[in-house]
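**Student:** need a 3D model of the sequence below.
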Amino acid sequence: MALSSPRRTPLSDQVIAQLRAQITSGEWPVGSRIPTEAALVEQLGVARNTVREAVRALAHNGLLDIRQGSGTYVLATSELAGVMHRRFADADQAQVAELRAALETSAAGLAAQRRTERDLELLDGALARREAAWRSGEAEDFIQADAAFHQAVVAAAHNDVLLAVYADLGEVTRAHLRHDVGPELIAERYIGHDTILDAIRAGDAQRASIEAGRAIGACGTAEAAAQVALAAQATQAAADAATQAAQALRTPQA
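**Tutor:** Residues are numbered from 1 along each chain as shown. Below is the predicted model:
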């Protein structure tokens, strides 16, 4: 096969990648309005047509929703989110909870080891919005804010593959939250996520993983929460073993 000259990535593709990163990292949560076209032009330092092309491309792929006269809103965390939602629409919610435990406990542990000051700022903001949404009494607002917080935790793990997979499952996890929370917010079932953030801030990977596992299913029945807790414990043991194996691979052999 003949080799060809490498090509520079088109500017529009670079802008698309940057806007997508804002979405998958949780900086622009699902349901939020993104900055105006003029603001993006100023922030990115590119032409208005380039920004417009990038926004339209992400809207075509299902990540953004352009609403005339209102603005552009985040619709999904990835191009595959809708597909995955349809694929697992009838999934056993207990199994979805186990999947969340596998991903979110691992992500929380990694976030405790790798988070930056910017990550902590984003997590502080996401936690504040989650608590405000609970106080509002609107179940759907709370579900979106809760999902955004967990997305920010995964982003703080700084594992691109994990973040992409979690983003693809965004609609699946939100559907599980709706099943878990129910149509109305019940005060007795509320569980704060400040303990997760405290552990991440302190760099305590084990505690961060444990707290993340405890949070899953906590708004549902006690039996469901207990099942998820067992799954989270098993997942954490596997995650610890995987971390040790990864560290061994990075350690130069004598």
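**Student:** need the phi and psi values for residue 29.
**Tutor:** For residue 29, the backbone dihedrals (degrees, to the nearest 10) come out as phi -70, psi 160.
**Student:** let's number from 33 now, not from 1
**Tutor:** Sure, I'll start counting at 33 from here, so that last one is residue 61.
**Student:** just checking, it touches residue 162?
**Tutor:** No: using C-beta atoms under 8 Å, residue 61 is not in contact with residue 162; the gap is 10.2 Å. C-beta coordinates here come from the backbone N, C-alpha and C atoms, glycine included.
**Student:** what do these two both touch?
**Tutor:** 177, 180 (C-beta atoms under 8 Å, 6 or more residues apart in numbering).
**Student:** those two: which is more packed in?
**Tutor:** residue 162 (24 against 20; other C-beta atoms under 10 Å).
**Student:** quick one, what contacts the more buried one?
**Tutor:** Applying C-beta under 8 Å, 6+ apart, the residues near residue 162 are 174, 177, 178, 180, 181, 225.
**Student:** shaky segments in this protein?
**Tutor:** 33-41, 249-286 (pLDDT under 70).
**Student:** spatially central residue in it, please.
**Tutor:** residue 183 (1.7 Å; C-alpha atoms, centre = their mean).
**Student:** so which of the contacts of residue 162 wins on neighbours?
**Tutor:** residue 180 leads the contacts of residue 162 on contacts (other C-beta under 10 Å) with 27 neighbours.
**Student:** please report the distance of that one from residue 70.
**Tutor:** 25 Å (C-beta to C-beta, to the nearest Å).
**Student:** for residue 200, same thing?
**Tutor:** Distance from residue 200 to residue 70, by C-beta to C-beta: 32 Å.
**Student:** more crowded one of these two?
**Tutor:** Neighbours per residue, other C-beta under 10 Å: of residue 200 and residue 70, the larger number sits with residue 200, 20 against 10.
**Student:** the more buried one and residue 95, how far apart?
**Tutor:** Distance, residue 200 to residue 95, using C-beta to C-beta: 12 Å.
**Student:** what sits in contact with each of the two?
**Tutor:** Contacts common to residue 200 and residue 95, judged by C-beta under 8 Å, 6+ apart, are 109, 110.
**Student:** send me the helix or strand residue 172 falls within as CSV with only the CA atoms.
**Tutor:** Per DSSP states H and E, residue 172 falls inside helix 171-188. Below are the C-alpha coordinates for helix 171-188, written out as CSV (Å, rounded to 0.1, in the frame of the first residue of the first chain):
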residue,chain,number,x,y,z
ALA,A,171,-37.6,15.0,40.1
GLU,A,172,-36.4,15.3,36.5
ASP,A,173,-34.2,18.3,37.3
PHE,A,174,-32.6,16.3,40.1
ILE,A,175,-32.1,13.3,37.9
GLN,A,176,-30.3,15.4,35.3
ALA,A,177,-28.2,17.1,38.0
ASP,A,178,-27.3,13.8,39.7
ALA,A,179,-26.2,12.3,36.3
ALA,A,180,-24.1,15.3,35.6
PHE,A,181,-22.3,14.9,39.0
HIS,A,182,-21.4,11.3,38.2
GLN,A,183,-20.3,12.3,34.7
ALA,A,184,-18.0,14.8,36.3
VAL,A,185,-16.5,12.2,38.6
VAL,A,186,-15.8,9.9,35.6
ALA,A,187,-14.2,12.8,33.7
ALA,A,188,-11.9,13.4,36.7
